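**Q** Quick one, structure for this:
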Amino acid sequence: MIVLGIETSCDETAAAVVADDRRILSNVVLSQLDAHRPYGGVVPEVAARAHLAHLTPIIRRALDEAHVGFDELSAVAATGGPGLIGGVMVGVMTAKAIALVRGLPFLAVNHLEAHALTARLTDGIAFPYLQLLVSGGHCQLLVVEGVGRYRRIGTTIDDAVGEAFDKVAKLLGLGYPGGPLVERAASNGDPTRFDLPRPMIGRPGCDFSFSGLKTAVRRHVDALPSGPLRRRDVDDLAAAFQAAAGDVLADRTRNAISLFASDHGKGGALVVAGGVAANLSLRGRLTDVAAAAGMDFLAPPIALCTDNAAMVAWAGIERLRLGLVDDLDFAPRPRWPLDPAAAPAIGAGVKA
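**A** Residues are numbered from 1 along each chain as shown. Presented below is the predicted three-dimensional model:
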């Protein structure tokens, strides 16, 4: 079984070819960072136009690198949401066209499910496992019980952690994308110089909050002498913010581990995925949390943490095995929760 995957939910135009024996035959990603950097963030209209211009050659390249023709494909999978709707539409319509012309099954993949199943592609992990999904738009703790079976036990009540990284980067004048720039600055800073809050720590439950932490960074910036920020101030604030974010993630994850253990026993695996999982400092914190609980820690290679089409193709394979094929009248979804039955978190906005 060989599946073509397409990813266009944000600012990466990507296509990949993956086999059901977990071989990634190709994984092509075209970043739009240069197009969005002047704006300090992703502009949906710019992103959609870039996907439209580049997706077809990216698909051709993915097939060429995999040495696979359309006649050798078992199906075509595309991110059907959640995401920026213009980009999602480009990917879905392209996948539908391929499926229709080539007589292939079409699979609409939930972008969050693709992240959640990546560990099964990279490590062959069995269900169930505990998943921390951390990205620019989402911050969730999930019990992954099977394909299409997710139980959300924690979510952010305001900002996602990746969004907080991006906003702090802007406050510090670091530019875009914020995550890697904050991590780089933090590596040279003193995390103890600035006292920052740890929202939600010590409270019951597994929900997150990062809005107050971001606001605290702004207040420290405003309290510094006027004029351009000194390099030392930037590095120390970045280090303090990253340490605080790590403490929040660690505390909430410990609570989630306790809940997971009460249902499934001790042991198992903590899987971290999403763009923020590329942060090595946060990986280290969460590795320690998992080890202390007697759990395995798994995180995809850096290239598979950020948005890519290999994870979409693999999620398509998982769904195809179960016969979960979509009709060609599938409508792209800007919002698509993994656990629609989950109770809304108190204070939750659009991040859940």
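
**Q** Now do the nearest residue to residue 150 once chain neighbours are set aside: how many residues are near it, please.
**A** Nearest residue to residue 150, sequence neighbours excluded (CB to CB, 6 or more residues apart in numbering): residue 338, at 4.2 Å. Where C-beta positions appear, they are placed from N, C-alpha and C, glycine not excepted. Neighbouring residues of residue 338 were enumerated by other CB atoms under 10 Å; the total is 24.

**Q** Residue 338 and residue 143: what is the separation?
**A** 11 Å (CB to CB, to the nearest Å).

**Q** Mind listing the shared neighbours of those two?
**A** Contact criterion CB atoms under 8 Å, 6 or more residues apart in numbering; residues bridging residue 338 and residue 143 by contacting each: residue 150.

**Q** so the residue nearest to residue 150 makes contact with residue 117?
**A** No. Look at residue 338 against residue 117 with CB atoms under 8 Å: they stay out of range, at 10.9 Å.

**Q** helices and strands around the strand or helix carrying residue 214, which ones?
**A** If you go by DSSP states H and E, residue 214 is part of helix 211-223. Counting contacts by 3 or more CB pairs under 8 Å, 6 or more residues apart in numbering; DSSP states H and E, helix 211-223 packs against helix 161-171, helix 231-264.

**Q** Within the sheet, what are the partner strands of whatever helix or strand comes next after the last one, with directions?
**A** From helix 231-264 onward toward the C-terminus, using DSSP H and E, the following helix or strand is strand 269-273. With DSSP bridges as the criterion, the sheet partners recorded for strand 269-273 are strand 129-134 (parallel), strand 296-298 (parallel).

**Q** Report the contact partners of the closest residue to residue 283 other than its chain neighbours.
**A** Distances taken as CB to CB, 6+ apart put residue 299 closest to residue 283, at 5.8 Å, once the chain neighbours are dropped. Contacts for residue 299 were tallied using CB under 8 Å, 6+ apart; they are 271, 272, 273, 277, 283, 286, 305.

**Q** Show me which of these is closest to residue 61.
**A** Distances from residue 61 to the contacts of residue 299, taken as CB to CB, are shortest for residue 305 (21.8 Å).

**Q** Give the burial count for the closest one, as a bare number.
**A** Residues lying near residue 305 (other CB under 10 Å) number 23.

**Q** Make 40 the first number, not 1, from now on.
**A** Shifting the count to begin at 40 puts that one at residue 344.

**Q** Just the mean pLDDT for stretch 46-57, thanks.
**A** In this model, stretch 46-57 has a mean pLDDT of 97.

**Q** Point to the residue nearest the middle of the chain.
**A** Nearest to the geometric centre of the chain sits residue 313, at 2.6 Å (CA atoms, centre = their mean).

**Q** What residues does it make contact with?
**A** By CB under 8 Å, 6+ apart, the contact set of residue 313 is 154, 172, 173, 174, 177, 201, 344.

**Q** Next one: it from residue 201, what distance?
**A** According to CB to CB, residue 313 stands 7 Å off from residue 201.

**Q** and what of residue 321?
**A** Distance, residue 321 to residue 201, by CB to CB: 11 Å.

**Q** Quick check: neighbours shared by those two?
**A** 173, 315.

**Q** And for the nearest residue to residue 197 once chain neighbours are set aside, the neighbour number?
**A** Leaving aside its chain neighbours, residue 197 sits nearest to residue 250 (3.8 Å; criterion: CB to CB, 6+ apart). Using other CB under 10 Å, residue 250 has 17 neighbouring residues.

**Q** got the residue ranges for the helices in the stretch 290-391 of the chain?
**A** Applying DSSP state H, counting those that start in this stretch to the stretch 290-391 of the chain gives helices spanning 319-331, 341-344, 349-360.
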